[in-house]
Every structure is written in C-alpha cells, then in structure tokens.
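**Student:** Make a model of this:
(one chain, ligands or ions: 2)
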Amino acid sequence: MHSKAVMNQRSYRSQNPNSSYKRPSEYRPEQNDDGRSYREAKHRKQDDHHHYQSQSRSFAGKYTPSSGSLSTRRELYEKDFPLYKQPVEIGCFSLDCNRRFFNDGRQMRYYVEPDRNPNFNLRDGYKDRFTKRDESQKEKLDHILRWIVSNRSKLNSKGVAASSSAIDFDFVTWRGHLTKLLCTPYEMREGWMLAVTRFQGTIYISEVETEAARRDCENRTEKHEEMMYWGYKFEQYACSDDVDGSPDPSGVVNTNEAFCTVVQTRLADHRLLFSGEVDCRDKDPNAPAPPACYVELKTSAEICTPKQRSNLHRFKLLKWWAQSFLPGVPRVVAGFRDHDGVVVAVETFHISKISQLIKNEYNCWKPTVCMNFCSDFLSFVKRVATEDNPCVVYLFSWEPRRDVTYSIHRDSEFSFLPHWYVEEMTRRPDSHTQP
Ligand code: 0WD
Ligand code: CA
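**Tutor:** Ligands and ions are numbered 1, 2, ... in the order given. Modelled structure (predicted):
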C-alpha cells in the first residue's frame, strides 16, 4: 500500500490504479509520446490518471505455441502494472441521424450537470420519439477505416520507409473490443470472438457476434428492449447540443447519432489506434483538452442496500473503469433509476479513484490483471497472425472458464477489411489526387 508520505512525495503517481508500491527506480522516464514531460501533461490535464510503469514481464509459460492457446486465469496476470501511455486524441468523427460518416465533431454534445435527485422519467418517448439504429447492419471497423483513409497523411508522417507498418500502429480496433479484453479474466457469462487480419504490418481486430449473443439479441423481452432505451434517454436529459444550451427532453432519441474519439496510445510494446463513442464533454471553455474533458454517462439500478453497493463495485465498476480508462476519459456520471425507470439519484465516479473504492471488496477485480491480460493477448495475436494478407482472418475465440483459442480462415465469411480500404491503402500516398 502507498503510505501517505509516499503519496505526497510522488503525487504524480498517487492515482495509480495499481496498489502495490514500487521503488522509483522501477518507473519509466517521465516522458510523453510527444516528448512533453508528464508533469507538464499533468498540469494541463488535472484529471489525468494514466501511468508510466515498467513493462510487464515476459508471458513465457502462459501459453505453449504448440497448443495455440492463451490462459485467462487471473493469478497469471497479477504482476506489475504494464506501461500504458497517456492516450492522445488524434482525431474524431461523427455519425449523423442516418448513420452517415463525417470527419469532424459535429455530433459532440455538452454535459449539463443534473440535480443530485432529478426525477428524470426515462420511459418518456420510448413509444413515440425513438429512432433505433438498425442492429442487423454489421459495420465492423468501417467507420474507423474511413477515418484512417480521410486522415492518412497525418498517420504516416514519418514515411512508410521508417516503419514496418504503413500507418505506424500495431493494432487498429474499437475501444469496445479492448474493453471486453480487459474484463475477460473476470467475465463469467459471455464469451467473445475476435476476427484478426494483418495488413501492411498493422493488425486489425473486429468482433464477430457469437451464436449466444445472436440468440440473446433475438430473444430480448419487450422490457429489456425498453431498458436499453433508458440509457440513451438519460443522455438526452444530461446533454445539450450547444455549449450554452440546455437539454431538450422533448426531442427524439436517435441511436444512429454518435460522436467518436480516435486515440493513440501504447500498451507495453503495442502501439494502438482505437476509436470509442463519447457521450459528451465538459462545457467549460477552460476544461482540459480531449480526452480529459470527456464525460461518460451510465444508468444503473438504484442502490438501497450495502449488498447492492458491493455488487456495483464488484461487477459494474469493472466495466465502467475499463471502458473509460482505455481512452483516458476521467469521469463517469451514473444515473440511478428505480423500477419504473425514474432517475432518483446521480453520482459522479472518477476513474482514478475507482481502484481505491473497490479495495475493501473481498476478492475483487484488479486493474493490473485486466491490463496485463490485454497486453499478453495482443502479444499472442502478434505471434499467431503472421501472414500479411487482407483475405486471411485469424479467429480468436473465448468462452468463460476456458483458454483463448484460434482458427485460421482464408477468403471466408469472416474477412472484414473492405476492398475500398485495401485499394486505397495500397495506392502510393501521393497518388490521391491522380485520376
Ligand atoms: O461491438 C462494438 N463495440 C461495435 C461498435 C461493433 C460495430 C460498430 N460499433 C460502433 C458503433 O458504431 C458505435 O458508434 O462503435 C461505436 C461505439 O464503439 P465503442 O465505443 O467501441 O463501443 P462501447 O464502448 O462498447 O460502447 C460505447 C457506447 C455505448 O454506451 P454504453 O454507455 O452503453 O457503454 O456506444 C454505444 C452505446 O451507447 N454502442 C453502440 N452504438 C451503436 N452500435 C454499439 C453498437 N454496436 N455498441 C455500443
Ligand atoms: Ca454511455
């Protein structure tokens, strides 16, 4: 445990999600991706919660190449917190009410702090003011790929020759897929399938719906359908479209609309580019730069007993923490609703304080296990996915209480890199304007 003195002396590490104290000699140099010192970055981003640490140790022994699997047992990942660079926003994009892509932040919304006990009726508008995204349209990585094509010049500024990969990243994926990886050592219910393709040295990861998920989706009850709306309705109560505007709960909730941040970071020796949907930002013009000004909104059942509070800490906070820690979103605002879908309380959770909050829970999840598992999974993927070919998919599958396994598929239904992307990226970078 940190002693108070250590916390004060090394305040820049006081928000470390990993509780174990490490000698200063083990720390990484206080340098940022762009050469800024960490103290400067800290000054700029008050809520910063990312840390500079020694890389995780070798994963030797966790999988045997011959058996081609990776263990997800928690004990194996209880080691030093791996290096996770402060995520940097390198762009953003928007999806409009018709799910059209725009290479800008037009769908950004502003956080308007609700009352502590607001009485928002989340059921309002479900029947008559709700436009639901067509979930049967599987978009895979398409929006991210479109963003990459639109911003290609700033992604390979060093020139192709300087790097083994054309866009200088080891992995491209959705933040939601990484969230699932972080939660895997603790997940007891839902498995996953991730399709992986190596193309021009970069590994693309895109989720494939499992059979169980497809069944769950098809068999959703009307009650469950409505409860999925509640989360979006809460966003409408807490967000305005304009910096000086107010929320408009009389409007239509349209789940096609999205604002997504694109961030760059590094986990151990993996250079990552991922995108995640952001609910809103702090409207204060003096708020720190993205992603530190972003706010994640959640709804959850009202807490009436210590047991319910404990369950929130043990299960929900894991998912909330993983999702927001990844892109560097510093706070989650939760609306707690009663059985009738009325928000009766609102509470802010600071991501950097969650590791403290959960420490009193018996046998609770640990951030370091999540990050080490993700890092070792990405190393496993690098070793397995060796053929650089947009038509080849390495399909990684996992079910609770099992190891991660994979299978290889050529020109199959699992291929997910679109032709337009492969063609665009295969062209010379300077041939954009040519016919
Ligand atoms: O499996 C996924 N995460 C996929 C996401 C598969 C294919 C596409 N997408 C896209 C969607 O276009 C969406 O705009 O990803 C975007 C969100 O990606 P993400 O940030 O990586 O996903 P995640 O962190 O799981 O979800 C963030 C928010 C959710 O908020 P809550 O508070 O419920 O976690 O994005 C929304 C939802 O509001 N969301 C989605 N919206 C449309 N389609 C989807 C989806 N498949 N999944 C989550
Ligand atoms: Ca949300």
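**Student:** OK, contacts around the closest residue in space to Arg123 that isn't next to it in sequence?
**Tutor:** Nearest residue to Arg123, sequence neighbours excluded (CB to CB, 6 or more residues apart in numbering): Gly341, at 4.4 Å. To be clear about C-beta, it is placed using only N, CA and C from the backbone, and glycine gets the same treatment. Neighbouring residues of Gly341 by CB atoms under 8 Å, 6 or more residues apart in numbering: 121-123, 226-227, 230.
**Student:** 7 Å - rerun?
**Tutor:** The contact partners of Gly341, taken as CB atoms under 7 Å, 6 or more residues apart in numbering, are 121-123, 230.
**Student:** I'd like to know which of those is nearest to Ile148.
**Tutor:** Trp230 (33.8 Å; CB to CB).
**Student:** Please give me every residue in contact with that closest one.
**Tutor:** 122, 299, 337, 341.
**Student:** what sits against the closest residue to it other than its chain neighbours?
**Tutor:** Of all residues not flanking Trp230 in the chain, Leu122 sits nearest, at 4.0 Å (CB to CB, 6+ apart). By CB under 7 Å, 6+ apart, the contact set of Leu122 is 230, 233-234, 337, 341-343.
**Student:** Spell out which residues of the stretch 251-400 of the chain are next to ligand 1.
**Tutor:** Counting by CB under 6 Å from any ligand atom, the stretch 251-400 of the chain comes close to ligand 1 at 258, 260, 276-277, 298, 323.
**Student:** One more pass at 8 Å, please.
**Tutor:** 255, 258, 260, 274-279, 296-298, 319, 323 (CB under 8 Å from any ligand atom).
**Student:** Among the residues you listed, which one sits closest to Arg129?
**Tutor:** Among these, and counting by CB to CB, the member closest to Arg129 is Thr255, at 12.2 Å.
**Student:** from memory that closest one sits against Lys132, does it?
**Tutor:** Yes - using CB atoms under 7 Å, Thr255 is in contact with Lys132, at 5.6 Å.
**Student:** who has more neighbours, these two?
**Tutor:** Thr255 (18 against 13; other CB atoms under 10 Å).
**Student:** neighbours of the closest residue to the more buried one other than its chain neighbours, just the number please.
**Tutor:** Nearest residue to Thr255 in three dimensions, chain neighbours excluded: Arg133, at 4.4 Å (CB to CB, 6+ apart). Neighbours of Arg133 under the rule other CB under 10 Å: 14.
**Student:** give me phi/psi at Arg133?
**Tutor:** The phi and psi values for Arg133, taken as degrees, to the nearest 10, are phi -60, psi 140.
**Student:** Pull the contacting residues for it.
**Tutor:** 99, 255-256 are the contacts of Arg133 under CB under 7 Å, 6+ apart.
**Student:** How much space separates Phe274 from Ile408?
**Tutor:** 24 Å (CB to CB, to the nearest Å).
**Student:** Which single residue of the stretch 151-300 of the chain ends up nearest ligand 1?
**Tutor:** Gly176 (2.8 Å; CB to the nearest ligand atom).
**Student:** what separates that residue from Glu211, distance-wise?
**Tutor:** With CB to CB as the criterion, Gly176 and Glu211 are 19 Å apart.
**Student:** for Val253, same thing?
**Tutor:** The value you get for Val253 to Glu211, if CB to CB is used, is 30 Å.
**Student:** Among the two, which residue is more densely surrounded?
**Tutor:** Taking other CB under 10 Å, Val253 and Glu211 do not tie; Val253 has more neighbours (19 against 9).
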